[in-house]
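Colleague: The sequence and its predicted three-dimensional model are supplied below.
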Amino acid sequence: MKPPYEITPEILKCITSISEKVGEINANYLNRPSPKLRKQNKIKTIHASLKIEGNSLTEEQVTALIENKRVIGPEKDILEVLNAIEIYENLGHYNPNNEKSFLKAHQNLMKLLIEASGRYRKQSVGIVKGSKVQHLAPPFKNVSFLMKDLFEYLKDSEEIVLIKSCVFHYEMEFIHPFMDGNGRMGRLWQTLILMQKYPVFEFLPFETMISNDQEKYYSALALSDKAGQSTKFIEYMLNVIDASLNKLLDFNNRTLNEQERLGYFISLNKIEFSRKEYMDVFKNISSSTASRDLKKGLESNLFEKMGEKSKTKYKLIGGKNITIN
């Protein structure tokens, strides 16, 4: 049974904008970001997703835990981060269309945090804001078949992935299948669904955008609850995704120094390229700056030159560590 939602002009506008940005990202090899950017984005994702749930650790403390350093903080908060690190370092081990994989991810995410990790709830729950019950989840006896229906929609629907990922996120939050960890599972599973079609989402910390204005996130959920369909939440999440892609493109266009540009470009592993293709990745540099970069790359034996003048090409030298003097 298809969950209820409508395709609005706002949704169509967002899908068009996202598709254009994904095309630009793929053309510039940004769907395979540098190891440094991957690490930064993983830290931002873990920090933001747990911050939404009340975790008190800072980005610096999350970074330290990723680097296996000692951190002083609440035991529960540290354990939440350690569990999330394990999940986000092994995203490829989970199948977004498989319910057993979903339960396994929850078990790993909530390990030692709750007794019922990896199992659907066996009691009724509601979300209280202040003195009011904001959301009363479906009876626990319905959870199992509601989740089965949701995974059937995910596997069988011909709807585009961008919409399916938002629908799954909202419907899972509405069902509230677990005693704890529903929010972080909704955001994690949306990432996994999107990764199937767009690998860049493995490294896109859209949770940061949610964390920066959590009221909009909760408002979108509440509006969809009130309307009895996920339309408002789809609009909200697509705008978040669009803004996150913008930030990735802005990073690519920020002022990098020569060493950062060369190191980043080498990490894209484009075996042969021209000066124009180099400038396509760094759109804010002049042709003379590009020429100086490439000259430095030649002097550092990062690549070799082939051809002359307008036919000049550069070829990466394989098997070398990146050392730019």
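Modeller: Structure received. Numbering: from 1, shown residues only.
Colleague: Which residue of this structure lies farthest from its centroid?
Modeller: residue 308 (42.2 Å; C-alpha atoms, centre = their mean).
Colleague: what comes up buried for stretch 302-322?
Modeller: 302-303, 314, 316 (16 or more other C-beta atoms under 10 Å). All C-beta atoms are positioned from the backbone trio N, CA, C, and that covers glycine.
Colleague: ok, back up a step: residues touching the residue farthest from the centre of the chain, list them.
Modeller: For residue 308, no contacting residues are found, by C-beta atoms under 8 Å, 6 or more residues apart in numbering.
Colleague: now swap in residue 227 and tell me
Modeller: By C-beta under 8 Å, 6+ apart, the contact set of residue 227 is empty.
Colleague: Please tell me how far it sits from residue 172.
Modeller: Distance of residue 227 to residue 172, computed by C-beta to C-beta, to the nearest Å: 17 Å.
Colleague: Next: residue 217.
Modeller: Taken as C-beta to C-beta, the span from residue 217 to residue 172 is 14 Å.
Colleague: And the strands in the stretch 1-150 of the chain?
Modeller: In the stretch 1-150 of the chain, the strands defined using DSSP state E, counting those that start in this stretch lie at 126-129, 132-136.
Colleague: The stretch 201-325 of the chain now?
Modeller: Secondary structure of the stretch 201-325 of the chain (DSSP E, counting those that start in this stretch): strands at 272-273, 303-306, 313-316.
Colleague: Residue 110 is in contact with residue 118, correct?
Modeller: Yes. With contact defined as C-beta atoms under 8 Å, residue 118 reaches residue 110; the gap is 7.5 Å.
Colleague: higher neighbour count, the two?
Modeller: Between residue 118 and residue 110, counted using other C-beta atoms under 10 Å, residue 110 has the larger neighbour count: 23 against 18.
Colleague: State the number of residues packed around residue 90.
Modeller: 11.
Colleague: Any buried residues in the helix ranked longest in the chain, and which?
Modeller: When the chain is parsed with DSSP state H, its longest helix is helix 231-253. Buried residues in helix 231-253, counted by 16+ other C-beta under 10 Å: 231-242, 244-245, 248, 252.
Colleague: cool, and stretch 4-15?
Modeller: Neighbour-count burial for stretch 4-15 flags 5, 11, 14-15 (criterion: 16+ other C-beta under 10 Å).
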